[in-house]
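**Q** here is my input, please return the structure:
(one chain, ligands or ions: 1)
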Amino acid sequence: MPGQDTFAIKVENLVKRYGVITALKGISFTIKSGELFALLGPNGAGKTTTIRILCGLTRPTGGQAFFYEVDVFKEPIQAKKMVGLVPQAINLDLELTLKENLLIHGLLFGLSREQIRKRSYELLRFAELWDRANEKVKTLSGGMRRRLLIIRALLHQPRILFLDEPTVGLDPHIRRKLWGLIKSIQQKGTTILLTTHYIEEAEFLADRVAFINAGRLVAIDTPQALMKQLGEYAVDIVRGTELETKFFPDRKAAEEFSLKLSNEVESVILRRINLEDAFVYFTGRKV
Ligand SMILES: Nc1ncnc2c1ncn2[C@@H]1O[C@H](COP(=O)(O)OP(=O)(O)OP(=O)(O)O)[C@@H](O)[C@H]1O
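**A** Numbers count the residues shown, from 1 in each chain. Reported below is the predicted structural model:
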């Protein structure tokens, strides 16, 4: 059985070119078994491309990837069985019921009807969708559809789950409910790779975060360690329309700096450093 230090996913020097566009410029990372790892980056950074390659939906131009002991590109059928994918687009069949959507997916993965029936019951209960099981998907709210999409990916009991922007477009309450569901999936032992461009999502959910920008990983660590590299406190200084932020190792240093400036500039705000500061610092741009 894998221990805490066993890796679930290892990616080495992954490159992807689409004609003249190089979407991935050689990215490498390792995700431990049981870890929740977030790829955080702006639109077009290469997050979906990474997931599509690891799920066997797009061929890489170069590089290697492993799920535990399985070579993803040399043993694609075995690799595919080990992962569940929650795509960005909700590709459920709206005219079918929740149970029917799960049945079709399960049959595609080679499960027996009895296995699907049992597993669907467990998962629909787990996602608080059991009372809607026989209704058509088109009657569900956006948040419920997302929950169904997530449990559909868990039907064949994959060891690894990929979530591509799982909460995009959802309101804050629904987003938090999904965060709870995602955390509890991790607590049951599933390794999760999640992509997002919501900083607070990565900060709340992830054990470790990788910042991705223009096809390169620019930093990988725990959210706390990434923030710590900048210091502990930040001072935002507004001059006219310009905003400048300075970082300090402790509150005393930040306070002394703000006091000196308070008569000269329009606005000085002292606060703790957050993950967005780290993202902007490491990538040189806003998400
Ligand atoms: N099939 C394709 N053909 C050509 N270029 C593509 C294709 N898919 C992605 N790209 C390009 O590759 C780059 C990375 O795209 P990707 O979808 O991986 O980014 P992303 O980080 O997932 O962004 P988003 O948050 O918008 O989903 C972008 O420049 C994109 O235009």
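**Q** now for G180, how many residues are close by?
**A** 9 (other C-beta atoms under 10 Å). C-beta here means a position set from N, CA and C on the backbone, and glycine is covered the same way.
**Q** report the separation between it and I90.
**A** For G180, the distance to I90 equals 20 Å [C-beta to C-beta, to the nearest Å].
**Q** how about the residues of the stretch 1-150 of the chain by the ligand?
**A** For the stretch 1-150 of the chain, the contact set with the ligand under C-beta under 6 Å from any ligand atom comprises Y18, I21, A23, G41, N43, G44, A45, G46, K47, T48, T49.
**Q** ignoring the adjacent residues along the chain, who's closest to the fourth one?
**A** Which is G41. I212 (3.7 Å; C-beta to C-beta, 6 or more residues apart in numbering).
**Q** three-state assignment of that neighbour?
**A** Classification of I212 using DSSP: H, G, I helix; E, B strand; the rest coil returns strand.
**Q** in contact with it, which residues?
**A** Residues in contact with I212 (C-beta atoms under 8 Å, 6 or more residues apart in numbering) are I27, L39, L40, G41, A45, G46, K47, T50, V218.
**Q** bridge partners for the first one, pull those for me.
**A** Each beta-bridge partner of I27 is listed here: L14, as defined by DSSP bridges.
**Q** cool, the one 4 residues further on as well?
**A** Partner residues in beta bridges with I31: I9, with DSSP bridges as the criterion.
**Q** in the stretch 51-200 of the chain, what residue is nearest the ligand?
**A** Closest to the ligand within the stretch 51-200 of the chain is H197: 5.6 Å, counting by C-beta to the nearest ligand atom.
**Q** please list all residues in contact with that residue.
**A** By C-beta under 8 Å, 6+ apart, the contact set of H197 is L40, G41, P42, N43, E165, V168, V287.
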